[in-house]
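Novice: Predicted model, plus sequence, below.
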Amino acid sequence: MASGSQELERFVYEALVRGESKASITAALASAGWRDDQTRGVIDAYADTPFVVPVPRPRASVSAREAFLYLVLFASLYFAAWHLGSLLFDLIERAWPDPAEEYAAYRIARSIRWSTAALIIAFPVFAFVSNYVAKDVARHPIKRLSPVRRWLTYLTLFVAAAVLIGDMTTLVFNVLGGELTTRFLLKVVVVALIAGSAFAWYLHDLRREEVDA
């Protein structure tokens, strides 16, 4: 038995063969209970080129090379973001040290050195791969619909949203307990800025993708 997706694709194809417009097909499917997000991709898979049969547009596919590029891109992003936060935390602790912590200066100095080394390596990798992928997508816009790209983008949004929720929860918890310090507030701001920037950037990227689709 054909799946719902296969039935939808077959219906759209046969309707286009019979000369129905995309608008009328969309209206018919909507009246039958299909959602716009279910039908849009199938209908837009065919070009508006006049021909005796519907002309399909090129579809995004997954290749090992593409998966490698996006995995390196997002892994280097996570790695750089983590160590940027760690570096800023260390600088905050150096500026506002905890008198009760022994050997803090040695630990902070070592952590700063490690985070700096990580950023020196990870950020240029992220910048290079990001620029390479952006140029590739500009040459081949269909790659913007890459399943790997979309999955990793949504995963990044999920991680950023989870971090923001945890960050705000921690802030409220400490406010209710009356345990606010300059060190704590600055760390909350650092986490919010890093996670919020990633969330805003990739949400904007997804919205731009929907407009361009």
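Specialist: Sure thing, it's come through. The model shown is predicted, which means the values in this text are computed figures rather than measured ones.
Novice: Just give me the residue right at the centre of this protein.
Specialist: Nearest to the mean C-alpha position of the chain, by C-alpha atoms, centre = their mean, lies Thr153 at 2.3 Å.
Novice: Who are the contact partners of Tyr70?
Specialist: Residues counted as contacts of Tyr70 (C-beta atoms under 8 Å, 6 or more residues apart in numbering) are 133, 146, 148-149, 152. Where you see a C-beta, it was placed from the backbone N, CA and C, and this is true even at glycine.
Novice: What about those residues, which one has the most neighbours?
Specialist: Arg149 (24 neighbours; other C-beta atoms under 10 Å).
Novice: What strand or helix carries Tyr154?
Specialist: Using DSSP states H and E, Tyr154 sits within helix 147-177.
Novice: From the chain's centroid, how far away is that helix?
Specialist: Using C-alpha atoms, centre = their mean, to the nearest Å, the distance from the centre of helix 147-177 to the centre of the chain it belongs to is 12 Å.
Novice: Okay, angle between the helix or strand following it and helix 147-177 too, please.
Specialist: For helix 147-177, the succeeding helix or strand toward the C-terminus, using DSSP H and E, is helix 182-212. If you take axes from the mean of the first three to the mean of the last three C-alpha atoms, to 10 degrees, helix 182-212 sits at 150 degrees to helix 147-177.
Novice: And helix 182-212, what does it pack against?
Specialist: Packing contacts for helix 182-212, counted by 3 or more C-beta pairs under 8 Å, 6 or more residues apart in numbering; DSSP states H and E, involve helix 64-95, helix 147-177.
Novice: Let me have those in CSV, extended by mean pLDDT and distance to Val52.
Specialist: Formatted as CSV, the helices and strands packed on helix 182-212 follow (pLDDT from 0 to 100; distance: least, C-beta to C-beta, whole Å):
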stretch, mean pLDDT, distance to Val52
helix 64-95, 94, 34
helix 147-177, 92, 31
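Novice: Which one of those lies nearest to Arg40?
Specialist: helix 147-177 (14.5 Å; C-beta to C-beta).
Novice: Tally up the residues packed near Val55, please.
Specialist: By other C-beta under 10 Å, the residues close to Val55 number 12.
Novice: With Ala28 instead?
Specialist: Neighbourhood size, Ala28 [other C-beta under 10 Å]: 14.
Novice: Can you give me the distance of it to Asp98?
Specialist: 67 Å (C-beta to C-beta, to the nearest Å).
Novice: Remind me what the top helix by length along the chain packs against, helices and strands.
Specialist: The residue-count maximum for a helix in the chain (DSSP state H) belongs to helix 104-139. With contacts defined as 3+ C-beta pairs under 8 Å, 6+ apart, helix 104-139 has these neighbours: helix 64-95.
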